[in-house]
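**Q** no sequence on this one, just coordinates:
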């Protein structure tokens, strides 16, 4: 399912268990079902400032055990807050896996819903995000954080 959002278009895919993919790139042969329709509704509410948490059931069958642990930790970051890669590494009891946290973030199949945009560098610096280019990804990340009322003064 394709939906328009303030910074462009995102595509949603689901299986019989829940939402499986949120992508900034077109998903060939994507399914539309009640999970994608619920996700589209919730994302629309999120972008309208009327939703801070998502309730659509998720179906994640990809990723390693480590990646899934990271994604679960990301899901727990509250709206309007950030965590550093190091804080995520500590939260999953892998304090030396800071770089691996970044790699797991880049493989997140459900960006926005599993909020990898809320992860920043230890020194507070914005770091990469999904998109067709590094700059586009950082612009999307800034937009999402700003929309969540996170102060971006130090990033301008």
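**A** Good, I have the coordinates. Being a predicted model, the structure only gives us computed values, none of them experimental.
**Q** Which secondary structure state does the residue lying farthest from the centre of the chain sit in?
**A** Most distant residue from the mean C-alpha position of the chain: residue 96, 22.7 Å away (CA atoms, centre = their mean). Secondary structure assignment for residue 96 (DSSP: H, G, I helix; E, B strand; the rest coil): coil.
**Q** Then residue 137?
**A** helix.
**Q** Can you name the residues that contact the residue farthest from the centre of the chain?
**A** Contacts for residue 96 (CB atoms under 8 Å, 6 or more residues apart in numbering) come out as residue 89. Heads up, the C-betas are built off the backbone N, CA and C, glycines and all.
**Q** try residue 49
**A** residue 147.
**Q** SS state for the most centrally placed residue in the chain?
**A** For the chain, residue 111 is the residue whose C-alpha lies nearest the centre (CA atoms, centre = their mean; 2.5 Å). When classified by three-state DSSP, residue 111 comes out as coil.
**Q** so it touches residue 137, yeah?
**A** No: with contact defined as CB atoms under 8 Å, residue 111 does not reach residue 137; the gap is 10.0 Å.
**Q** mind checking the SS state of the closest residue to residue 117 other than its chain neighbours?
**A** Spatially, and ignoring its direct neighbours in sequence, residue 117 is nearest to residue 144 (4.4 Å; CB to CB, 6 or more residues apart in numbering). Classification of residue 144 by three-state DSSP places it in helix.
**Q** Now the residue farthest from the centre of the chain, what are its backbone angles?
**A** Backbone torsions for residue 96, taken as degrees, to the nearest 10, come to phi -100, psi 0.
**Q** And the one 5 residues further on, by the same measure?
**A** With angles defined as degrees, to the nearest 10, residue 101 shows backbone torsions of phi -60, psi -40.
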